[in-house]
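Undergrad: Need the 3D shape of this:
(2 chains)
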Amino acid sequence: MSATTTKPPMIRSRRDASVPSRVTVTALLALSAFYFLLPLWWLLVSATKPFGEQFSGTGLWFDGFGLFDNVARLGSHDGGIFWRWMLNSVLYCGIGALLGTAFSALAGYALAKYRFPGRGLLFGVVLAAVLIPKVLFTLPLYLMFSGVGLMDNPLAVLLPSMVSPFGVYLCRVFAAQSVPDEVLEAGRIDGAGEFRIFRSLSVRMMLPALVTVLLFQFVEIWNNYLLPSMVLGDDRLQPVTVGLVGWNASHVAVPPALVVVGSLVSLVPLLLAFLSLQRFWRAGMTAGAVK
Amino acid sequence: MSNAAAPADTRSSRRSTGGPPPADGARPVPGGPRRSRSGALRPLLFCAPFIVLFLGMYVAPIVYAVVKSLYTVQRSGLGLTAPTEEFDPLGNYLRVFDDGAFLSSLGRVALFGVVQVPLMLGAALVLALLIDSRSARGKGFFRLSSFLPYAVPGVSAALIWSFMYSPQSSPINRMLEPAGVSIPFFDGDLVLWSVANIVTWSWTGYNMIIIYAALQSIPAEVLEAARMDGASAVRIAWSIKVPAVRGALVLTAVFSIIGSAQLYNEPVVLQPVSDGAVSSTFTPIMSAQSAIAAGNYPYAAAQSVLLAVLVGVVSFVFFTFTARGEQE
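TA: Reported below is the predicted structural model:
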């Protein structure tokens, strides 16, 4: 978290930053941190309060401790469906992101390292698809799925989430940057097949980028609410976001306190992924933005 | 769309004219250059899983929606017989331009984009410049705190903010209580900006990181030279740093404009608690969805197709506009 975790290309001397400017900059930054952290702080504080007292007090400071009891109530409500939702989310995002990243890596690598007929067209289509958001395809997708009888089927969520034009674009950029042609030539001279070269040489060199693509896609699938909310009517199949919004909308049947606690718990996997993979997403985003 | 394909095409054809012509259909030559060894088959095999899924999940639904949108649903006056679909290529599209709810959802989203995107990108730029400035301490903490909301799914962010807004629980209004102020977040006029605040909260840090990365690529000598010439930090920011991150700003602007068009999660989560301020046709996607709920699939398809075309046109115009500026 310290400023030394990334090394800017220049070492800046601190002496000549004047005191007034330092105070102004720090004050503005503190204000921004307050804005960004306030809702998350409120969520953390409220989820630890005894059950039913989530909305008492200012909401900005702790008041009794009931976190474990709250989580237990969350888990036992409606036959433990909350944990089922979490599992669904992890499965949809994990499988979708893993396969999606693999397919993006293959396609992006081929676009960067081979010349083949239709290459320009394919790349053009990928770019165009990046510009048209996925959500616009969701309603037509729903119409199509309901036409072919794929409603209430996990495939209806998984299949679309495995396609990532943005992932292909990123993989193409990263493959062009990080996989030197000489290495491929060396592999060929040693008699390795093209797929073998991809698997044991190129993938390794693209790994930081692939982790970035995986992370972005995992988050994108977790974030996608419209598609699963439309194609999964059966609540035992729903991901946690759809389930929680359902609870929130039926505030008579489900105590709002459960929604608060559930929101906090549902954030844990994503926050863990982000914090532990910080190094990767920062390296990936920076590499993508510099060139 | 064709503008994106064109440069890529010319680039690849220019490259291929430099070398020997592709050995289409040539027999594999052991140890030869890779093109003749693997032919066109191997790279296409690499791309096959993506292409197949892309055709199924992007192209097919659009084709399906376009075809579907050419039919209109006919209901008999008494509703005693099942509705039938009749080929009527313009029917749904004419109806869209006569649909006040859909048109006002378009207007609402346009207003949202015009206000929210510049505000958010301005904030992201200022934040990136502040963290990049030599006066900043704790850069890592501030970078992380602004980026943390991006790790919160849009729906969860909306749920959390709905508690921040709700008259029963709002900690913001509790803080403002001593000053005698209470913000009616779900008020009819204010609710669009309550939604805008959630989007801004979620995405400012993400955009900041992209702009910040672009700032890091400015050569140290350039900044040092400006400093030697006696330029102030603000002057350096305005005359050197901002022009240097122009490309990053255009990129983030395009993604934000596209994001505005697909506004859905935040208003949908606020809808049940907003006491009617968020209607079921608040945004174009919600409008199309309510057509689905009403059983009128072809009309929903027409709305989706129209929205996709509009987004394509807007990003095309924006790209052409900003690309022209860059050449001057």
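
Undergrad: Just say helix, strand or coil for residue B:279.
TA: Secondary structure, DSSP: H, G, I helix; E, B strand; the rest coil: residue B:279 is coil.

Undergrad: for the stretch 51-200 of chain B, which spans come out with low pLDDT?
TA: B:76-80 (pLDDT under 70).

Undergrad: where along it do the helices fall?
TA: B:60-69, B:91-96, B:100-132, B:139-147, B:154-165, B:171-176, B:191-216 (DSSP state H, counting those that start in this stretch).

Undergrad: Could you provide those in a markdown table, with additional columns for distance to chain A and mean neighbour count?
TA: (Glycine included, C-beta is placed from N, CA and C.) Below are these laid out as a markdown table (distance: least, CB to the nearest CB, whole Å; neighbours: other CB atoms under 10 Å in any protein chain shown):
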| stretch | distance to chain A | mean neighbour count |
| --- | --- | --- |
| helix B:60-69 | 4 | 19 |
| helix B:91-96 | 13 | 18 |
| helix B:100-132 | 5 | 18 |
| helix B:139-147 | 4 | 21 |
| helix B:154-165 | 4 | 25 |
| helix B:171-176 | 4 | 16 |
| helix B:191-216 | 4 | 23 |
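
Undergrad: Point me to the residue of chain A nearest chain B.
TA: Residue nearest to chain B within chain A: residue A:124 (2.7 Å; CB to the nearest CB).

Undergrad: Need the phi and psi values for residue A:276.
TA: phi -80, psi -20 (degrees, to the nearest 10).

Undergrad: re earlier: which of the helices or strands spans the residue of chain A closest to chain B?
TA: Residue A:124 is part of helix A:119-131, with elements assigned from DSSP states H and E.

Undergrad: Mind checking which residue lies nearest the centre of the chain?
TA: I'll assume chain A. By CA atoms, centre = their mean, chain A has its centre lying nearest to residue A:219, at 1.4 Å.

Undergrad: switch to chain B, that's the one I care about
TA: Nearest residue to the geometric centre of chain B (CA atoms, centre = their mean): residue B:259, 2.5 Å.

Undergrad: tell me the contacts of it?
TA: Counting by CB atoms under 8 Å, 6 or more residues apart in numbering or on different chains, residue B:259 makes contact with A:133, B:199, B:203.

Undergrad: ok so, going back, and the residue of chain A closest to chain B, how far from residue A:137?
TA: Separation of residue A:124 from residue A:137 (CB to CB, to the nearest Å): 18 Å.

Undergrad: The longest helix along chain A packs against which elements?
TA: In chain A, assigned by DSSP state H, the helix with the most residues is helix A:81-113. Based on contacts counted as 3 or more CB pairs under 8 Å, 6 or more residues apart in numbering or on different chains; DSSP states H and E, the elements that helix A:81-113 packs against are helix A:67-76, helix A:119-131, helix A:155-161, helix A:165-178, helix A:203-223, helix A:240-249, helix A:256-276, helix B:41-54.

Undergrad: Would you convert those helices into CSV that also reports distance to residue B:306?
TA: Converted to CSV, the helices and strands packed on helix A:81-113 look like this (distance: least, CB to CB, whole Å):
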stretch, distance to residue B:306
helix A:67-76, 42
helix A:119-131, 17
helix A:155-161, 21
helix A:165-178, 22
helix A:203-223, 25
helix A:240-249, 27
helix A:256-276, 34
helix B:41-54, 23
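
Undergrad: With respect to residue B:312, which of the ones you listed lies nearest?
TA: Smallest distance to residue B:312 across these (CB to CB): 7.2 Å, for helix A:119-131.

Undergrad: Buried residues in that closest one, which are they?
TA: Within helix A:119-131, the residues scored as buried using 16 or more other CB atoms under 10 Å in any protein chain shown are A:119-120, A:122-131.

Undergrad: Closest one of those to residue B:42?
TA: Set against residue B:42, the nearest of the buried residues of helix A:119-131 by CB to CB is residue A:119 (12.6 Å).

Undergrad: State the distance from residue B:187 to chain A.
TA: For residue B:187, the distance to chain A equals 20 Å [CB to the nearest CB, to the nearest Å].

Undergrad: Around that residue, count how many other residues there are.
TA: By other CB atoms under 10 Å in any protein chain shown, the residues close to residue B:187 number 13.

Undergrad: can you give me phi and psi for it?
TA: phi -70, psi 150.

Undergrad: I'd say it and residue B:275 touch.
TA: No - using CB atoms under 8 Å, residue B:187 makes no contact with residue B:275, being 9.3 Å away.

Undergrad: so, in contact with chain A or not, stretch B:217-233?
TA: Yes - using CB under 8 Å from any CB of the partner chain, a contact is recorded between stretch B:217-233 and chain A, made by B:217, B:219-220, B:223-224, B:233.

Undergrad: before we move on, what about stretch B:306-319?
TA: Yes - remark: stretch B:306-319 sits within contact range of chain A at B:307-308, B:311-312, B:315, by CB under 8 Å from any CB.

Undergrad: list the buried ones in that stretch?
TA: Buried residues in stretch B:306-319 (16+ other CB under 10 Å): B:306-308, B:310-312, B:314-316, B:318-319.

Undergrad: and those residues as CSV, adding secondary structure and pLDDT?
TA: Putting the buried residues of stretch B:306-319 into CSV (DSSP: H, G, I helix; E, B strand; the rest coil; pLDDT from 0 to 100) gives the following:
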residue, secondary structure, pLDDT
B:306, helix, 92
B:307, helix, 90
B:308, helix, 86
B:310, helix, 89
B:311, helix, 85
B:312, helix, 82
B:314, helix, 85
B:315, helix, 79
B:316, helix, 81
B:318, helix, 83
B:319, helix, 78
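
Undergrad: any chance of those in CSV, with distance to residue A:232 too?
TA: Listed next are the buried residues of stretch B:306-319 as CSV, based on distance: CB to CB, whole Å:
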residue, distance to residue A:232
B:306, 27
B:307, 23
B:308, 24
B:310, 29
B:311, 26
B:312, 29
B:314, 31
B:315, 31
B:316, 34
B:318, 35
B:319, 36
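
Undergrad: Looking at the contacts of residue B:259, which is nearest residue A:100?
TA: residue A:133 (16.4 Å).

Undergrad: Using the three-state scheme, assign that closest one.
TA: Quick answer, by three-state DSSP: residue A:133 is coil.

Undergrad: Of the helices and strands packed on helix A:81-113, which is nearest residue A:55?
TA: In terms of CB to CB, the element of those nearest to residue A:55 is helix A:256-276, at 7.5 Å.

Undergrad: elements contacting that closest one?
TA: By 3+ CB pairs under 8 Å, 6+ apart, helix A:256-276 packs against helix A:19-48, helix A:67-76, helix A:81-113, helix A:203-223, helix A:240-249, helix B:154-165.

Undergrad: Recalculate using a threshold of 6 Å.
TA: helix A:19-48, helix A:67-76, helix A:240-249, helix B:154-165 (3 or more CB pairs under 6 Å, 6 or more residues apart in numbering or on different chains; DSSP states H and E).

Undergrad: coming back round to it: how far away from the center of its chain is the helix holding residue A:124?
TA: Put simply, helix A:119-131 sits 23 Å off its chain's centre (CA atoms, centre = their mean, to the nearest Å).

Undergrad: So which elements touch whichever helix or strand comes after it?
TA: Past helix A:119-131, further along toward the C-terminus, the next helix or strand under DSSP H and E is helix A:135-148. Here helix A:135-148 touches helix A:226-231, helix B:60-69, helix B:297-327, going by 3+ CB pairs under 6 Å, 6+ apart.
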